[in-house]
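**Student:** quick one, what's the 3D model for this:
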Amino acid sequence: MTALRQSPSGPVIANSNGGTFNPGPGAMLRLVEAQTTAGGSNVIPTAPAQLAGAIGDPGFLVALNAPQVGLEYRATVKCDVLNPSTNVLGEVQLYLETSTDNVTWTERASNTHIVNPTGIAASDPLAREISLELTLKTGSALGVTSSPASGSLFVRAKIGASSGGAVLQVSSSTTPGGDTKSVGTVYLGLSEHF
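**Tutor:** Below is the predicted model of the structure:
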């Protein structure tokens, strides 16, 4: 482990006992996150489209500058999905994609969520949170080619419905929530780790 310094000529960072700071693998270095309110066209299409305030709108992404080949990166997306149908079982897919140039995107993770119709049972929620994690991957596995890279590592999410397309919706609740009382938010995060 290389000693960490407060600045290139500063003292080595120590732990609480005065020993060398050694955070170990997986310790978080940086985090960037964003959220947007689900509004506009919230209907989930059959063909996957970018997850944003209005599904299909470009530009909702997160990025870390100067990624490193040997460091690890993790990404997360979360949103609420509503199935307003009373008889159509929905299947929703989430996707996480990365890019080093914000032009060419590569799918890195995906999963499927079953969303029951509204009112199957009195205890069924009207909407449910779905999420996807891109587990720790090295910068080199995500396309970073120099260390530190002069550019950025970008992450965006897509959503699609293989069953219940044009029925299922990204939820846009009328009850305030989140840090700034936004509603029906979509969360996207990217973190850098040892």
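**Student:** relative to P117, how far out is the closest residue in space to R30 that isn't next to it in sequence?
**Tutor:** Using C-beta to C-beta, 6 or more residues apart in numbering and skipping residues adjacent in sequence, the residue nearest R30 is E192, 4.4 Å away. (Glycine included, C-beta is placed from N, CA and C.) For E192, the distance to P117 (C-beta to C-beta, to the nearest Å) stands at 41 Å.
**Student:** again with P45
**Tutor:** In terms of C-beta to C-beta, P45 sits 19 Å off from P117.
**Student:** contacts only, for V167.
**Tutor:** Shown in contact with V167 (C-beta atoms under 8 Å, 6 or more residues apart in numbering): V43, N83, P84, S85, V88, G90, A161.
**Student:** please spell out the PyMOL selection for the buried subset of those residues.
**Tutor:** Command for PyMOL, covering only those of the contacts of V167 found buried under the criterion 16 or more other C-beta atoms under 10 Å:
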select buried, resi 83+84+85+88+90+161
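**Student:** mind checking which of the contacts of V167 are in helices?
**Tutor:** Using DSSP state H, no member of the contacts of V167 sits in helices.
**Student:** switch the contacts of V167 over to JSON lines; also include pLDDT and distance to D101.
**Tutor:** Putting these into JSON lines (pLDDT from 0 to 100; distance: C-beta to C-beta, whole Å) gives the following:
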{"residue": "V43", "pLDDT": "90", "distance to D101": "31"}
{"residue": "N83", "pLDDT": "86", "distance to D101": "37"}
{"residue": "P84", "pLDDT": "83", "distance to D101": "39"}
{"residue": "S85", "pLDDT": "83", "distance to D101": "40"}
{"residue": "V88", "pLDDT": "82", "distance to D101": "39"}
{"residue": "G90", "pLDDT": "89", "distance to D101": "34"}
{"residue": "A161", "pLDDT": "94", "distance to D101": "29"}
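**Student:** so can I have JSON lines of the contacts of V167 showing distance to E133?
**Tutor:** As requested, those are exported to JSON lines (distance: C-beta to C-beta, whole Å):
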{"residue": "V43", "distance to E133": "25"}
{"residue": "N83", "distance to E133": "23"}
{"residue": "P84", "distance to E133": "27"}
{"residue": "S85", "distance to E133": "28"}
{"residue": "V88", "distance to E133": "28"}
{"residue": "G90", "distance to E133": "21"}
{"residue": "A161", "distance to E133": "20"}
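**Student:** which one of the contacts of V167 sits closest to N22?
**Tutor:** Lowest distance from N22 to the contacts of V167 (C-beta to C-beta) belongs to A161, with 46.1 Å.
**Student:** ok, what's across the strand from that closest one?
**Tutor:** Applying DSSP bridges to A161 gives these bridge partners: V92.
**Student:** wait, it sits on A49?
**Tutor:** No - judged on C-beta atoms under 8 Å, A161 makes no contact with A49 at a distance of 10.3 Å.
**Student:** quick one on the thing from earlier: tell me which of E192 and P117 has more neighbours.
**Tutor:** More crowded of E192 and P117, by other C-beta atoms under 10 Å: E192, with 19 against 16.
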